[in-house]
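*Asks:* Here is a sequence together with a model predicted from it:
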Amino acid sequence: MGRSIGREVYTLEKNYLCEILENQRIAHNVHRIKIKKPSKDFKIQAGQFINIKCGEGDFPLLRRPISIGLTDEESMIVYVSKIGKGTKLLCDKSKGEFIDILGPLGNTFNVDIEEGKVLIVGGGIGVAPLLELTRVLSQKDDVEMKLILGYRDEPFIVEEFKNYVDNVIVVSEKEGFDHKGYVIAPFEKELRENSYDEVFSCGPEPMLKKIKEISEENNTTVQLLLEERMACGIGACLVCTCKTKRGEDDWNYVRICKEGPVFYGKEVIFDE
Ligand SMILES: Cc1cc2nc3c(=O)[nH]c(=O)nc-3n(C[C@H](O)[C@H](O)[C@H](O)COP(=O)(O)OP(=O)(O)OC[C@H]3O[C@@H](n4cnc5c(N)ncnc54)[C@H](O)[C@@H]3O)c2cc1C
Ligand code: FES
């Protein structure tokens, strides 16, 4: 498995002012924002995030963490779900405006896999960080991927995923897609009927909890990206702690922004 929590990625996080190159609404309350990288040396990898100052002045005081959705040499794309004051301000920004970002932050998905079968499962805006992961894994000739993407209503970025993988199951609570309901049923069926080497997932906590349980029942390694509420984003305030296993019978708290946001399922202890 290579990596375990407690391994921090020692990237030098810095403040940058970055230009917004594009901002489009792509679904109800979801925006795709393309941001110019501060320089070609700015490297950010699948699973990592940036902490964005969404407003002007002191409102809102805290930055908002947003995962990297897709990246190339010159730009990075983020997908933002407008759920509150910070994300609304961010989605209201126009092409040509500059935003203050702190990054790159957090650890990365472990993509140290050269062959085998991988199942990627996303729920809601949690599909966003799985796109860059899918792009990276699609470059490995001997890695076979299948995706399950779940939405409350209108699916988004499905075509972007299909640029990298053909095998995509779209799940929605609305009629008209591959499966009606939640991702858990097709996920469980998939793991029961096929053997996978690794599962990757991001989405709401109740979904991740089920993904972890089902993966464990099927003896499949799972990497989970936790999108917990944060404040500083750099390991200083302890707002984002999560309970994790340490050895057989012990546990401790770790900071999701620093030791995470990606953890192996076997390491995470979700609240009962
Ligand atoms: C590592 C990481 C990566 C993330 N990546 C993305 C991403 O790619 N795209 C994206 O849209 N969002 C992402 N998020 C979530 C995003 O940071 C929050 O939605 C955002 O901070 C909310 O700010 P706000 O001011 O709009 O909402 P607020 O006004 O602060 O809150 C509005 C409502 O949303 C709830 N809320 C706020 N933050 C969260 C949260 N993290 N989880 C669940 N409920 C929350 C509040 O309790 C409240 O009910 C990520 C979070 C983390 C930690
Ligand atoms: S958000 Fe401050 S320690 Fe994680």
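*Replies:* Yes, it's here. Just so we're clear, the structure is a prediction, and the values are computed from it rather than from any experiment. Ligands and ions are numbered 1, 2, ... in the order given.

*Asks:* drop to CA atoms for contacts and neighbour counts, all remaining ones
*Replies:* Noted.

*Asks:* for the protein, what's the longest strand?
*Replies:* Counting residues, the longest strand found in the chain (DSSP state E) is strand 14-27.

*Asks:* From the contact counts, what lies against that one?
*Replies:* strand 30-36, strand 98-105 (3 or more CA pairs under 8 Å, 6 or more residues apart in numbering; DSSP states H and E).

*Asks:* Mind listing what's buried along it?
*Replies:* Tyr16, Leu17, Cys18, Glu19, Ile20, Leu21, Glu22, Asn23, Ile26 (16 or more other CA atoms under 10 Å).

*Asks:* List just the nearest of the residues you listed to ligand 2.
*Replies:* Tyr16 (18.7 Å; CA to the nearest ligand atom).

*Asks:* bridging residues for the residue in the stretch 51-200 of the chain positioned nearest to ligand 2?
*Replies:* The nearest approach of the stretch 51-200 of the chain to ligand 2 comes at Pro65, 9.0 Å away (CA to the nearest ligand atom). Counting by DSSP bridges, Pro65 forms beta bridges with Asn51.

*Asks:* In contact with it, which residues?
*Replies:* Phe49, Ile50, Asn51, Ile52, Met230, Gly233 (CA atoms under 8 Å, 6 or more residues apart in numbering).

*Asks:* just to revisit the earlier point, what's next to the longest strand of the chain, contact-wise?
*Replies:* 31-38, 91, 93-104, 154-156.

*Asks:* Verify the stated contact: Asn167 with Leu149.
*Replies:* No. Look at Asn167 against Leu149 with CA atoms under 8 Å: they stay out of range, at 10.9 Å.

*Asks:* Please say which of these two ends up with more neighbours.
*Replies:* Leu149 (26 against 13; other CA atoms under 10 Å).

*Asks:* so which strand or helix has the more buried one?
*Replies:* strand 142-151 (DSSP states H and E).
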